[in-house]
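Participant: dropping the sequence and predicted coords here.
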Amino acid sequence: MNRHSLSRLLGAGLIVLASCGPAGAADEAQRLGVASCASSTCHGRVSPANNSYAQLNEYFLWSKYDRHAQAYRTLEGDWSKRIAANMGIADAARAPECLVCHSDYVPEAQRGPRFQLRDGVGCEACHGSASGYIDAHYGPDASHAENIALGLTPSENPRVQAQICQSCHVGDKQRLVTHEIMAAGHPRLRFELDTWLTNMPVHHSEDADYAQRKGITNGADRWAAGIAAAAVDYMDMLQAHLDGHSLTPELGLFDCHACHRPMDTTVRRTSGEKWLTPAGSIRPNDYAIRTLAVVAGLRDAALADRISQQNRTLHRSTSQSVARFKNRSADLRDTLTRAQAVVASRPLSASERAAVRRALLQTASEGYFRDYADAEQLFLALQALAAVSEADRAGQYDRLFGLLTNEQNFKPSRVAAEAGSLLR
Ligand code: HEC
Ligand code: HEC
Ligand code: HEC
Ligand code: HEC
């Protein structure tokens with residue numbers, strides 16, 4: 001997982017532009033399409049501008065390096081054809097169940113004349129419909145607050161970022177990679193806010209004027225905000241997608257490795273391990289919930305206890321009824337929202353970051369992180385928490401990373417042992 005930040009190599013300054021985009025915004029907020037942002041006097045420069053707030057080469061970076069620009073074309077490729085054939089879909093590039101994430105699939109009424117689904121995940125999928133702000137946002141008097149009032153998404157805010165990215169990289173109330181899509185051949189989705197933001201070809205630069213206009217969030221706090229959002233938003237996904245299922249609920253919502261663990265006795269249930277679910281029942285995907293309890297618990301121990309207790313109750317209810325499970329997840333969501341506010345109230349201090357790392361390693365060393373996805377999140381968390389501290393030795397997590405390189409050979413007991421040695 002390479003961390004790179006193109007933006008650090010590129011400059012930025014201040015410019016007032018003559019004119020950008022088509023004239024005349026529609027009454028209802030509309031997507032104007034990537035073409036409306038991409039002209040050479042707007043965001044379509046090849047090299048970064050040095051007299052503007054923004055780099056103005058965002059379109060160049062997006063179209064040349066960013067996978068989001070390819071998202072629609074992926075649906076026309078062989079891999080998607082195979083998935084579609086397995087599902088009995090005629091054409092993935094016309095199927096709403098794929099377009100919701102592989103394009104900016106807004107309702108017809110919100111598509112302006114230059115908008116096209118072929119653009120994949122374009123500027124407005126993350127920055128909001130431009131019809132309201134396009135004429136005002138480059139003017140000499142435009143402020144960030146005014147742009148937001150005109151419909152620009154505050155995409156620098158970590159809570160908002162989490163919501164934007166997760167909507168496709170995890171799913172949301174509308175979007176889901178269903179178990180059927182997975183079983184037809186879709187790659188397993190995984191996500192962590194700080195790492196994915198860093199690995200996206202970054203097209204902004206966090207320089208002095210940026211800090212003044214938008215503020216800067218460090219990687220550890222972004223990680224924490226991402227985990228909090230993942231916990232809360234998972235409850236919303238459960239609420240939205242559980243209805244209408246008879247024999248099993250939508251399995252795409254649940255912990256994949258609860259069922260798809262390798263046939264290896266080291267990962268079977270043993271009396272020494274602490275399991276929250278009754279034997280044989282499906283397991284909610286609670287990595288973010290448990291981790292949010294750890295982070296919030298540094299500031300409010302009672303709240304952390306309440307999360308743990310409600311999480312246990314939620315797990316038990318998986319073997320009871322859908323109605324009970326929904327009620328328990330609504331209760332837990334309330335508590336998680338409070339924990340989210342506690343985490344967001346101020347940045348993580350250096351000692352809090354160290355405490356989170358210790359707590360995660362402790363939990364891992366006790367064998368709680370027993371499947372591949374948990375171990376992967378552990379690694380991403382340790383990396384995000386370490387990135388802000390000068391004192392951390394480079395490469396200290398290389399061995400942990402090495403245990404993750406081949407999912408088929410994954411051994412939970414080795415992760416526990418490595419966590420134990422990192423703790424010492
Ligand atoms: C909830 C959002 C979502 C839905 C729905 C969805 N995808 Fe995806 N898809 C993604 C994301 C995100 C990735 C990138 C995963 C990664 O690399 O982490 C992806 C990756 C892929 C890839 C692999 C691309 C590559 O070259 O690595 C294919 C193929 C694909 N999707 C096809 C489909 C098809 C076909 C459908 C509909 C049947 C579909 N997707 C539905 C979000 C979605
Ligand atoms: C997948 C989501 C995503 C897409 C697609 C995307 N952006 Fe961004 N953009 C971001 C994020 C995240 C940031 C950094 C946070 C912020 O400043 O809002 C950002 C920042 C920016 C900035 C702010 C620079 C500053 O100094 O304030 C501009 C301008 C911008 N993007 C333009 C574009 C344009 C133009 C496109 C399309 C060619 C585009 N973005 C596509 C997510 C995206
Ligand atoms: C509208 C849906 C959508 C949104 C919103 C979105 N993504 Fe994506 N993202 C995708 C899809 C689909 C792909 C896979 C594209 C492909 O290869 O076909 C992808 C690919 C990526 C990749 C490349 C993954 C890889 O394995 O190389 C990164 C990194 C990424 N997204 C980060 C982000 C971040 C960060 C955000 C939020 C600022 C975000 N995305 C928002 C749909 C989305
Ligand atoms: C409650 C158990 C359960 C959960 C949870 C679950 N699956 Fe499955 N999965 C199954 C069953 C049952 C099948 C069908 C196996 C068969 O047909 O032999 C299956 C099939 C699959 C297949 C096709 C495998 C093959 O050999 O054809 C894939 C891929 C898959 N699931 C991925 C996932 C992913 C990714 C997740 C997590 C988002 C997940 N599953 C969650 C039970 C589960």
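Facilitator: Perfect, thanks for sending it. Ligands and ions are numbered 1, 2, ... in the order given.
Participant: quickly check: stretch 78-92 near ligand 4 or not.
Facilitator: No: Stretch 78-92 is not in contact with ligand 4 by CB under 6 Å from any ligand atom; minimum separation 9.0 Å. C-betas here are computed from N, CA, C, even on glycine.
Participant: please say whether there is contact between that stretch and ligand 1.
Facilitator: Yes: counting by CB under 6 Å from any ligand atom, contacts between stretch 78-92 and ligand 1 involve 79-80, 83-84, 92.
Participant: which of those residues fall within strands?
Facilitator: The subset of the residues of stretch 78-92 next to ligand 1 located in strands under the criterion DSSP state E is empty.
Participant: as CSV, those residues with pLDDT and neighbour count would be great.
Facilitator: Listed next are these as CSV, based on pLDDT from 0 to 100; neighbours: other CB atoms under 10 Å:
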residue, pLDDT, neighbour count
Trp79, 95, 13
Ser80, 96, 21
Ile83, 92, 22
Ala84, 92, 22
Ala92, 98, 22
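Participant: what are the boundaries of the helices in the stretch 301-424 of the chain?
Facilitator: Remark: helices assigned in the stretch 301-424 of the chain by DSSP state H, counting those that start in this stretch are 301-317, 322-344, 350-365, 372-386, 398-402, 412-423.
Participant: ranking these by burial, who's on top?
Facilitator: Mean neighbour counts were taken over those using mean count of other CB atoms under 10 Å, and the top value, a mean of 22, falls to helix 372-386.
Participant: anything in stretch 163-182 sitting right up against ligand 3?
Facilitator: Yes: Stretch 163-182 reaches ligand 3 (CB under 6 Å from any ligand atom) through 164-165, 167-169.
Participant: make a markdown table from those residues and add distance to ligand 1 and secondary structure to it.
Facilitator: Output for those, formatted as a markdown table (distance: CB to the nearest ligand atom, whole Å; DSSP: H, G, I helix; E, B strand; the rest coil):
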| residue | distance to ligand 1 | secondary structure |
| --- | --- | --- |
| Ile164 | 12 | helix |
| Cys165 | 9 | helix |
| Ser167 | 8 | helix |
| Cys168 | 5 | helix |
| His169 | 5 | helix |
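Participant: show me what residue of the stretch 251-400 of the chain gets nearest to ligand 2.
Facilitator: At 15.9 Å from ligand 2, Ala384 is the closest residue in the stretch 251-400 of the chain, using CB to the nearest ligand atom.
Participant: pLDDT score for that residue?
Facilitator: The predicted structure scores Ala384 at 91 on the pLDDT scale.
Participant: one more: the one 5 residues further on?
Facilitator: Ser389 carries a pLDDT value of 57.
Participant: C-alpha coordinates for stretch 371-389, CSV please?
Facilitator: Provided in CSV are the C-alpha atoms of stretch 371-389 (Å, rounded to 0.1, in the frame of the first residue of the first chain):
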residue,chain,number,x,y,z
ASP,A,371,-10.0,-13.0,10.2
TYR,A,372,-8.2,-11.5,7.2
ALA,A,373,-10.3,-8.3,6.9
ASP,A,374,-9.8,-7.5,10.6
ALA,A,375,-6.0,-8.0,10.3
GLU,A,376,-6.0,-5.8,7.2
GLN,A,377,-7.8,-3.0,9.2
LEU,A,378,-5.3,-3.5,12.0
PHE,A,379,-2.4,-2.9,9.7
LEU,A,380,-4.1,0.2,8.1
ALA,A,381,-4.9,1.6,11.5
LEU,A,382,-1.3,1.2,12.8
GLN,A,383,0.0,2.8,9.6
ALA,A,384,-2.3,5.8,9.8
LEU,A,385,-1.7,6.3,13.5
ALA,A,386,2.1,6.1,13.0
ALA,A,387,2.2,8.4,10.0
VAL,A,388,2.0,11.6,12.1
SER,A,389,4.7,10.7,14.5
